[in-house]
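K.L.:
sequence first, predicted coordinates after that:
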Amino acid sequence: MKTENFVRKEVLDLEEKEYAPKKEELKDRCDLSLNINPCGVSPRVLEKLKNIDPKRINHYYPENTELLNEIAKYTSVEKSQIMLGDGCDGCLGMIANTFINENDKIIIPVPTFHRYEFHTRIMGGMPIFIPMKNFELNNEILNSDNAKIIFLCNPNNPTGKQIKKRVLEEVIKKFRGIVVIDEALADTTNINGFEFLNKYNNLIIVRSFSKTFGLASLRIGYIISNQEIINQIKKTSSPFKVNGIAQELAIEALKDKEYIKKSTDHINRNRDFLINNLKKLGLKCTESVTTNFLVDVSNICENSKDFVDTLKKRGVLVTDATIFNVPENIYVRIAVATDEENKKFIEVLNEIKFSSNR
């Protein structure tokens with residue numbers, strides 16, 4: 001039997017990819033390649049983990065009402081507008097399963113998070129890539145006829161740039177299809193698309209507990225939209241999508257305001273530290289409001305792959321930004337890490353820059 005004879009065409013056309021460093025690569029390494037919380041896990045989450053009711057493990061797990069109430073309070077929306085999912089990526093998958101048909105046109109401004117393309121292609125949709133100008137969203141995205149969905153990332157991964165509020169509302173208002181805004185990186189910023197929910201009925205917002213809240217391996221996130229859209233997405237979702245332990249721990253993460261503030265302060269302070277020091281080395285960086293940003297490395301290495309390989313040999317991991325559909329292969333994505341890792345990264349770069357100038 002040839003397995004490929006039984007596999008959907010959309011699956012056969014996909015490439016196999018790895019999205020995180022292997023465990024052995026992380027040993028004794030300085031890792032600025034992953035968008036995770038460098039402050040670790042909330043003390044309240046760890047304490048709750050020690051005292052989980054065994055029934056929460058042994059029984060099936062419907063959506064946790066207390067968690068929905070906490071999210072509603074955190075986001076200032078109605079509980080009925082919220083739906084849980086297995087991380088931001090799982091939420092994007094549910095949205096794609098609900099709305100994307102074969103040959104549907106899906107707009108993806110680039111560079112941006114690569115999983116929008118994946119979820120489009122796996123459903124047989126046609127991704128329409130619209131290049132940004134100077135990494136800024138522009139009105140050209142409104143010129144694609146008959147597009148069903150537009151995926152926006154705010155703040156954007158990998159640039160860290162915020163979409164101007166005026167531009168964002170214009171897109172939501174004028175686009176004739178569904179606008180999906182991925183706010184996975186918004187919790188440490190003042191970005192808040194929820195204010196548009198009651199004004200426009202074509203908006204879906206996705207958020208995550210993986211970044212600011214430090215629960216990446218638990219795979220939990222949520223969708224916020226109007227009741228009609230939520231009801232349709234629920235039809236395509238498994239009732240067992242998010243495990244009960246993740247839901248219990250997400251409640252504690254939301255309640256730990258001190259931890260959220262500590263994480264936000266760390267990310268903002270260290271992002272500014274990294275960008276300021278990179279500029280001193282003559283490197284151009286995107287203006288980020290969150291944990292990640294792009295760096296143009298063309299005055300150190302010939303291309304982004306060479307730069308990533310050079311750093312890896314010195315024990316530092318960063319991300320080659322070609323995966324995000326950047327316009328040239330001269331960019332890498334940097335994600336804020338611990339104080340020690342950030343300092344080591346700058347030290348290693350200084351050494352590379354010095355040796356290249358000799």
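P.N.:
Now that the structure is in, tell me what you want to look at.

K.L.:
and K23, what pLDDT?
P.N.:
Per-residue confidence (pLDDT) for K23: 53.

K.L.:
for the chain, which spans come out with low pLDDT?
P.N.:
Applying pLDDT under 70 to the chain flags residues 17-28, 354-358.

K.L.:
I204: what secondary structure?
P.N.:
Secondary structure of I204, reduced to three states by DSSP: H, G, I helix; E, B strand; the rest coil: strand.

K.L.:
report the contact partners of the residue nearest the centre of the chain.
P.N.:
Ranked by distance to the mean C-alpha position of the chain (C-alpha atoms, centre = their mean), the top residue is A184 at 4.8 Å. A184 is in contact with N35, C88, C153, N157, V206, R207, S208, S210, K211, G221, counting by C-beta atoms under 8 Å, 6 or more residues apart in numbering. The way it works is simple: take the backbone N, C-alpha and C, and place the C-beta from them, glycine included.

K.L.:
surely the fifth one and C88 touch.
P.N.:
Read it as V206. Yes - using C-beta atoms under 8 Å, V206 makes contact with C88 at a distance of 5.4 Å.

K.L.:
give the residues shared as contacts by these two.
P.N.:
D182, A184, G221.

K.L.:
list the beta-bridge partners for the last one.
P.N.:
To tie it back to what came earlier, the one meant is G221. G85, S208 (DSSP bridges).

K.L.:
residues contacting it?
P.N.:
Here G221 is in contact with 84-91, 184, 206-210 (C-beta under 8 Å, 6+ apart).

K.L.:
before we move on, what about the first one?
P.N.:
Residues counted as contacts of D182 (C-beta under 8 Å, 6+ apart) are C88, L92, F113, Y116, F151, L152, C153, N154, N157, V206.

K.L.:
which pair in these has the greatest spatial separation?
P.N.:
For these, with distances taken as C-beta to C-beta, the pair at the greatest spread is L92 and N154 (14.2 Å).

K.L.:
part of a strand, is E169?
P.N.:
No - read with three-state DSSP, E169 is helix and lies in no strand.

K.L.:
with just CA atoms, put stretch 211-227 into PDB.
P.N.:
What follows is stretch 211-227, C-alpha atoms only, in PDB (Å, rounded to 0.1, in the frame of the first residue of the first chain):
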ATOM      1  CA  LYS A 211       3.400  34.300  25.700                       C
ATOM      2  CA  THR A 212       2.800  36.700  28.600                       C
ATOM      3  CA  PHE A 213       1.200  34.100  30.800                       C
ATOM      4  CA  GLY A 214       4.000  31.600  30.400                       C
ATOM      5  CA  LEU A 215       1.800  28.500  29.700                       C
ATOM      6  CA  ALA A 216       3.200  27.600  26.200                       C
ATOM      7  CA  SER A 217       3.400  23.800  26.700                       C
ATOM      8  CA  LEU A 218      -0.200  23.700  28.100                       C
ATOM      9  CA  ARG A 219      -1.700  24.800  24.800                       C
ATOM     10  CA  ILE A 220      -4.500  27.100  25.700                       C
ATOM     11  CA  GLY A 221      -5.900  30.200  24.100                       C
ATOM     12  CA  TYR A 222      -9.200  31.800  23.200                       C
ATOM     13  CA  ILE A 223     -11.400  33.300  20.500                       C
ATOM     14  CA  ILE A 224     -13.500  36.400  21.000                       C
ATOM     15  CA  SER A 225     -16.200  37.400  18.500                       C
ATOM     16  CA  ASN A 226     -19.900  38.000  18.300                       C
ATOM     17  CA  GLN A 227     -22.300  35.200  19.400                       C
END
